[in-house]
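>>> Below: sequence and its predicted model.
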Amino acid sequence: MNLRKLTGAAVAAVLALPMFASGANAYELVLPTLDYRTGPYAPNGIPVANGYTDYLTMLNERDGGINGVKIKHVDCETGYNTKKGVECYEKVKNTPPSGALAIQPLSTGITYQLIPKAAVDEIPIFSMGYGRTSAANGKVFPWVFNFPATYWSQATALVQYIADQEGGFDALKGKKIYLVYHNSAYGKEPIRTLEAMAEKFGYEFRGLPVDHPGQEQKATWLQIRKEKPDWVLMWGWGVMNQVAIKEAASIRYPMDHFIGVWWSGSENDVMPAGDAADGYLSGAFHAPGGGFPVHDDIRKYVYDKGLGKGDRDRIGEVLYNRGMVGAMWTTEAIRKAMEIHGTKEVTGKHVRDGFEALNVDEARLEELGLGGFTYPVKITCANHEGPGKVAVQQWDAKAKQWNIVSKFYEPLRDVTGPLIEADSAAYAAENNVTPRDC
Amino acid sequence: MAFDIFLLEVIISGLMTGVMYALVALGFVLIFKASGIFNFAQGVMALFAALALYDFLAEDGWFFAVFGFTLPVWLAIPATGLIMVVLAWVIERTVLRFMVKQNEIILFMATIGLAFVLEGLGDILFGSDVKPLDIGIPQGASDWLLDNFNLYIEQLEIFAAGTAAVLVVVLAIFFQRTRIGRALRAVADDHQAALSVGVSLDKIWVIVWSVSGIVALVAGIMWGSKSGVQFSLSLIALKALPVLILGGFTSVPGAIVGGLIIGVGEKLAEVYIGPMVGGAIENWFAYMLALAFLLFRPQGLFGERIIERV
Amino acid sequence: MFYRESGQLKSSYIADQAMFPIAQDRWFVIGVLAVAFLVAPFFINEYWANAILLPFLVYALAALGLNILTGYCGQVSLGTGAFMAVGAYASFKLVGFFPELNFLIVLALSGVVTAAVGMIFGLPSLRIKGFYLAVATLAAQFFLVWMFNKVGWFYDYNLTGMITVRPIDFFGIRITGPEATPAAKYLFTLTVVAVLALSAKNIVRGRIGREWMAIRDMDIAAELIGIRPLQAKLSAFAVSSFYVGVAGALYFAVYLGSVEPVEAFDINQSFYVLFIIIIGGLGSVLGAFLGAAFIVLVPILLKNIMVGGMGFDSGMAGHVEILLMGLLIIFFLIVEPHGLARLWQIAKEKLRLWPFPH
């Protein structure tokens, strides 16, 4: 188990030593991650970190890095704690030789910490599908990227899915849509959007907060049992997800009317509830499962050589894929940066330009062994969120797997647009930022 | 659903939740009663016990790796109990033995160190994934009640309440009727006097930590069945705090009654007052409730009367 | 040999009552301050400032505050996190209302606001004692954090409920946000902490400090000799909360820059500061600093040794770090239950005799 892995890592480290020594003066691309493998959120943090790391290892082993330049992956343990995150960031940001090329904070709190620092330190932040939603506005946040979709886009997508099930937006009138949320900055993100849509479509909205860590949610679910909302959305994290799904099953809430955010839709979340979780839904911006060509490459070049971070049979879990796709977009941005600036020795500044010109289309996905894994992403100077599309996936408890059951919904930009505009304007005013022209 | 049924549901759920809190609080009380130590590690002990139990039952555990088979539930639980006894013995040998007669806050800090050690050890030995724990306790709503009376009660919690009742009776018999139990009470009353009539303090401490380790195992099973075994399990200690303070640190019945009061109080508050002020008031309401009680009875509901002398 | 007070004769009461009556102590403190003020700023980089020195100073200040209450006056508090939050939100709102106000005044006012809140939650201490008193401060902990998270006015009704510091200049030098230089942040914090620490040292040896200690040692006896428990306890809550509030404001504005109440000021924060004073030494100003050094710095040190020096996997290092931290705490408590400050004192006793053993 873990001790075995530790021994493996130690042996690998010893074997790797001569390699480092020989290549000491070669340029390397430093990609740090702020992981959390300890603390209450570790069960979620571990697969994300594994996916990210394995993809980078695979690139190094298969292609010798990006365009022949090795990637140097540096990880730092945050325990999902902001203070440790700050320490980690300061520690990794100047790692030689290239300095950090992009930061994945992997926590809403840490992202907020780092947003003002990014511009000063000239390191782009890639908060993939989390963090500050209004950072989608590239005019105010030139250094922050939160594609492929934000929480607000996701909220609109989930409401569209509900509308489809109910038979159109008109059918939403008078329906009750409740939100069970982690009582923190992260959980509160979708509320404004859901309220705005409630006004627009005429459904009744109510938020039910659950305090960290969320092992006791009886009061919340008794209220849901009493008021019988037509749909329940959930913005949960950690143990809160598992308990909520169990409670929902206990009160016989129909699972196919219960939709989690994409952070509440992993194998970890549904397994403890067993068969009762069958039919539970969650948002997604990439496919589940480990059957893509890229997974085969990871097995072949990483796990067969004993370099894998996690367990071989857990490749392809939802959160593993989440980490992996993040690594893919980051490395593609680096590739783009090399192309734009005509150098292999890119810096954080170059990579920012790479992110801004990122264009991973169908053909490119196919080349990467990720055909059909996610949708094409194109980033522009003004729009750092990209397409913002979100699909809904469903848990099949018998087969123990997630399946995507809807199309990818375009976000309702007329809802999110003004909110993003207002929030980023407020940030700009508070912090004396002059928006760029795009 | 009629209004009064809903009220009944809230109250019953509150009582049940209270019992779940009380299970955790019981472990605190036992140790505090016998040694005056506020054991910060109680929550982590529950986590550790649940992790160990899972290890005996699962095919990806150490036990399976070493022996090639897994234990049935009826054997795994006593085996885990044994581990908790060994743990108690180790704790006595390496920590408590050196801390006799220290100030209570120093002892409290030592248990914090202990909590860190167990937390790190648990992660290193068993990994940090969520481990679904299923030892055959019925789960989900009670169908019979739901279908016939439209009353929702969680079966796991009925089971937990039953277990708690048995546990309290067993503990009561243990304290009142056995030789060791009497010795325990003697130590709780007066360390010095107990020592002078030949009670071995070392032995008593091992026993009391073992008993509270087994209580932690029970709490770990109940909470672990509810949410899967994972780190967050150790945080239930925080939910036991108001129960403990309300019931009195030294009283077994206090832990139960305190649990019931806190459970019902916080559920009623959350359901009826929560919506008016934005929700999530359970946590602080529990403490406010305990505070209100304490203003009238500063030693907790069942705590020993504080006699002040100059 | 070097640490000997013989021959240091006092010829006036003022000299006898000096804060550091022994010359070596005086020179030691002056030396440490000189290095901290005059040498360190030239070598400081962002890692040292943001990851090590700022958290160390801020936690030392918070621990100083808690030590006044718990170590000197004997009232256990588990509400430190929430009182830090009061200071942080007070400074946030004050800067919002009066952007031109000198930041030192903002800090002082934040402290005063926290002191007022602290006194309210200190009232039950007149009736409830010992561990039971923790319930009052725990109520404060959970209630205040809930309030800051829920009531929009506190976070200016923004979308997520996080507060972010505005850029603040102190006599023309930027001290908050990413543009502030590490040296500026460090020096500002150091000045505040040094002044408050010296004041604390002075308060606790004065009349009021002695009242607190009398209450701590036996409150009934203290009452009998004419100390008013109401006044003594509430003043301890007030002074303690003032320190904690200032620490909270620095924690938010200078150290972190943006905070979310639920995470930054949760119950763990309260426990964390309590660990610091127990490990450092209850009832000791020096203890607050030693404890902060231990609790804040040792994990970072362990991590850097394991990950950087020994090539550990960062996740495994995280687990081992927690384990070792626990072992170290137990080890130090067994070696010296009264904290690091007491160890220091013993070292001084030994030094006094050195090199002759008797």
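Done, it's in.

>>> count of residues packed around residue 250?
All of this refers to chain A. When neighbours are counted by other C-beta atoms under 10 Å in any protein chain shown, A:Ser250 registers 24. Any C-beta I mention is one placed from the backbone N, CA and C, and that applies to glycine too.

>>> Hmm, no, I was thinking of chain B.
Neighbour count for B:Thr250, taken as other C-beta under 10 Å: 19.

>>> residues in contact with it?
The contact partners of B:Thr250, taken as C-beta atoms under 8 Å, 6 or more residues apart in numbering or on different chains, are B:Val29, B:Phe32, B:Lys33, B:Ala188, B:Phe302, B:Gly303, B:Glu304.

>>> Which of those sits closest to chain C?
B:Gly303 (7.9 Å; C-beta to the nearest C-beta).

>>> isn't that closest one right up against B:Ser251?
Yes. When contacts are counted by C-beta atoms under 8 Å, B:Gly303 is listed as touching B:Ser251 (6.1 Å).

>>> Now do the buried residues in stretch B:202-215.
Neighbour-count burial for stretch B:202-215, with 16 or more other C-beta atoms under 10 Å in any protein chain shown as criterion, is recorded at B:Ile204, B:Trp205, B:Val206, B:Ile207, B:Val208, B:Trp209, B:Ser210, B:Val211, B:Ser212, B:Gly213, B:Ile214, B:Val215.

>>> from those residues, which is closest to chain A?
Nearest to chain A among the buried residues of stretch B:202-215: B:Val215, at 18.1 Å, using C-beta to the nearest C-beta.

>>> for chain C, what are the nearby residues on the stretch 51-200 of chain A?
Within the stretch 51-200 of chain A, the positions lying close to chain C (C-beta under 8 Å from any C-beta of the partner chain) are A:75-77, A:79, A:81-83, A:86-87, A:90-91, A:108-109, A:112-113, A:116-117, A:119-121, A:132-134, A:183-186, A:188-189, A:192.

>>> Repeat the analysis, applying 7 Å as the threshold.
A:75-77, A:79, A:82-83, A:86-87, A:90-91, A:109, A:112-113, A:116-117, A:120, A:183-185, A:188-189, A:192 (C-beta under 7 Å from any C-beta of the partner chain).

>>> what's near enough to touch A:Lys344?
A:Lys344 sits next to A:Tyr27, A:Asn67, A:Val69, A:Met338 when contact means C-beta atoms under 7 Å, 6 or more residues apart in numbering or on different chains.

>>> Narrow these to just the buried residues.
Buried subset of the contacts of A:Lys344 (neighbour count, 16+ other C-beta under 10 Å): A:Tyr27, A:Val69, A:Met338.

>>> Between these, which sits nearest chain C?
Closest approach to chain C among the buried ones among the contacts of A:Lys344 (C-beta to the nearest C-beta): A:Tyr27, at 21.3 Å.

>>> can you give me phi and psi for the closest one?
phi -70, psi 140 (degrees, to the nearest 10).

>>> cool, A:Ile125 as well?
With angles defined as degrees, to the nearest 10, A:Ile125 sits at phi -100, psi 130.

>>> before we move on, what about the one 5 residues further on?
Backbone torsions of A:Tyr130, given as degrees, to the nearest 10, read phi -150, psi -170.

>>> What distance do you get for it to chain B?
20 Å (C-beta to the nearest C-beta, to the nearest Å).

>>> Settle this for me: that residue is touching A:Pro105, isn't it.
No. Between A:Tyr130 and A:Pro105 there is no contact under C-beta atoms under 7 Å: 8.4 Å.

>>> following the lengthiest helix in chain C, which helix or strand shows up next?
Longest helix of chain C, by residue count under DSSP state H: helix C:182-205. Using DSSP states H and E, the helix or strand that follows helix C:182-205 in sequence is helix C:207-217.

>>> close to chain B, is stretch A:169-183?
Yes. Judged by C-beta under 7 Å from any C-beta, stretch A:169-183 comes into contact with chain B through A:Asn183.

>>> Tell me which residues are up against that stretch.
Surrounding stretch A:169-183, the residues in contact under the criterion C-beta under 7 Å, 6+ apart are A:162-163, A:166, A:187-188, A:190-191, A:194, A:201-212, A:214, A:220, A:224, A:227, A:229-237, A:240, A:244, B:280, C:149, C:262.

>>> and those, which are buried?
Buried subset of the contacts of stretch A:169-183 (neighbour count, 16+ other C-beta under 10 Å): A:162-163, A:166, A:187-188, A:190-191, A:194, A:201, A:203, A:205-212, A:214, A:220, A:224, A:229-237, A:240, A:244, B:280, C:149, C:262.

>>> what helix or strand does the nearest residue to B:Phe64 once chain neighbours are set aside sit in?
Nearest residue to B:Phe64, sequence neighbours excluded (C-beta to C-beta, 6 or more residues apart in numbering or on different chains): B:Thr70, at 5.4 Å. Applying DSSP H and E as the criterion places B:Thr70 outside every helix and strand.

>>> if I read this right, B:Thr70 contacts B:Asp60, doesn't it?
No. With contacts counted by C-beta under 7 Å, B:Thr70 stays clear of B:Asp60, the gap being 10.0 Å.

>>> quick one: whatever helix or strand C:Ala88 lives in near chain B?
Using DSSP H and E, C:Ala88 falls within helix C:80-97. No. Helix C:80-97 stays clear of chain B (C-beta under 7 Å from any C-beta), getting no nearer than 9.9 Å.

>>> any idea of the mean pLDDT for that helix?
The average pLDDT within helix C:80-97 is 96.

>>> For B:Gly61, give its distance to chain C.
17 Å.
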